[in-house]
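> Predicted coordinates and the sequence they were generated for:
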Amino acid sequence: MTAAILAAVGGYLAGSVPFGLLLSRAAGYGDIPTIGSGNIGATNVLRTGNKGLAALTLALDFVKGYAAAAIARHWGEPAALAAGLGAVAGHMFPLWLGFRGGKGVATAAGTIVVIAWPVALIASGLWLAVASVTRYASLAALIAAVAAAATAPFLTDAAAAGVVTVIALLVILRHQANIRRLIAGREHRISLRKG
C-alpha cells in the first residue's frame, strides 16, 4: 500500500510537468494557454504551426506516462497502476497550473502501453485511423478511449482493466468542450502531413 501511494504521488509529479508549455516558451511562442484552445498538449502546440515542436511535446507527454508506470512496476503491479494513473491525473490537473492541464491522451497512451499493451495497440491504431480520415484529433481520442475501456476487460487482468477504464473516463470528461464543438460542427481539424 505504501509503495502504491508513493508511486501515485511520484507519477502525479512526473505527469504534471507541462512539456507543451515549457517547449512553447523556449521556442519563442509565449504561453501556450493563450493560443488556440488554451490546452498544454501536443494538439494545441500544433496550432503554433511548428509540427516538430508538437511531435516533441507528444513524445515527452507519452514518456511521462510510460516512465512512471514502468519504473513503479519494479515494486509490483499495484504500484505501476497507481503511478500510471497518477501521471495521467498530473497531466490533466497539474498543481502549478491551477489544475488546468491537458487532455491526457498521450500520457494515457504511455501508461497503457506498460499496464495493458494489447489495449494500447488497439486504441492507438484506432486513433491513427480516425485522425487520418477525419482530421479530428478529439474524435480520434474519444473513439480510442471508448475502445480501450471496452477491450481492457478481455485483454488484461481486472485491476489493470479498472485503471484503463478510469483513465478512459477521465479522457472523455476532459473532452467535453470538444464533444460540444463536434456536435455543433465547429471542431478544429488537424493536419498530419509533413511540412
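Received it, and whenever you're ready, just let me know what you need.
> quick check: longest helix of this protein.
For the chain, the longest helix by residue count, based on DSSP state H, is helix 51-72.
> Tell me which other helices or strands it touches.
helix 2-15, helix 19-26, helix 42-46, helix 77-92, helix 105-115 (3 or more Cβ pairs under 8 Å, 6 or more residues apart in numbering; DSSP states H and E). For glycine as for every other residue, the C-beta is placed from the backbone atoms N, C-alpha and C.
> avg pLDDT for the second one?
Regarding helix 19-26, the rounded mean pLDDT is 88.
> Does anything pack onto that helix? Which helices or strands?
helix 42-46, helix 51-72.
> So which residues lie in contact with the shortest one, not counting its own?
Applying Cβ atoms under 8 Å, 6 or more residues apart in numbering, the contact partners of helix 42-46 are 20, 23-24, 32, 35-38, 53-55, 57-58, 61, 103, 106, 137-138, 190-191.
> just to revisit the earlier point, P153: which of the helices and strands packed on helix 51-72 is closest?
helix 105-115 (13.6 Å; Cβ to Cβ).
> Tell me where the model's unsure across this protein.
Scanning the chain for pLDDT under 70 picks out 34-38, 192-195.
> again, only using 90
1-2, 18, 20-54, 95-102, 188-195 (pLDDT under 90).
> and among the helices and strands packed on helix 19-26, the most buried is which?
helix 42-46 (a mean of 26; mean count of other Cβ atoms under 10 Å).
> what's the distance between it and the middle of its chain?
12 Å (Cα atoms, centre = their mean, to the nearest Å).
> Run a quick neighbour tally on R47.
Using other Cβ atoms under 10 Å, R47 is surrounded by 16 other residues.
> and the angle from the longest helix of the chain to helix 105-115?
Helix 51-72 and helix 105-115 are oriented at 30 degrees to each other (axes from the mean of the first three to the mean of the last three Cα atoms, to 10 degrees).
> Check the contacts of helix 42-46 for burial and list the buried ones.
Neighbour-count burial (16 or more other Cβ atoms under 10 Å) applied to these gives 20, 23-24, 32, 35, 37, 53-54, 57-58, 61, 103, 106, 137-138, 190.
> Show me the two of those that sit farthest apart.
The most distant members of the buried ones among the contacts of helix 42-46, if one measures by Cβ to Cβ, are L23 and S138, lying 21.3 Å apart.
> and which of the buried ones among the contacts of helix 42-46 is nearest A123?
So of the buried ones among the contacts of helix 42-46, ranked by how close each gets to A123 (Cβ to Cβ), first place is A106, at 11.9 Å.
> List the residues that contact that closest one.
41-42, 58-59, 61-62, 65 are the contacts of A106 under Cβ under 8 Å, 6+ apart.
> Other residues contacting stretch 3-12?
With contact meaning Cβ under 8 Å, 6+ apart, stretch 3-12 is reached by 68-69, 71-72, 75-76, 78-87, 89-90.
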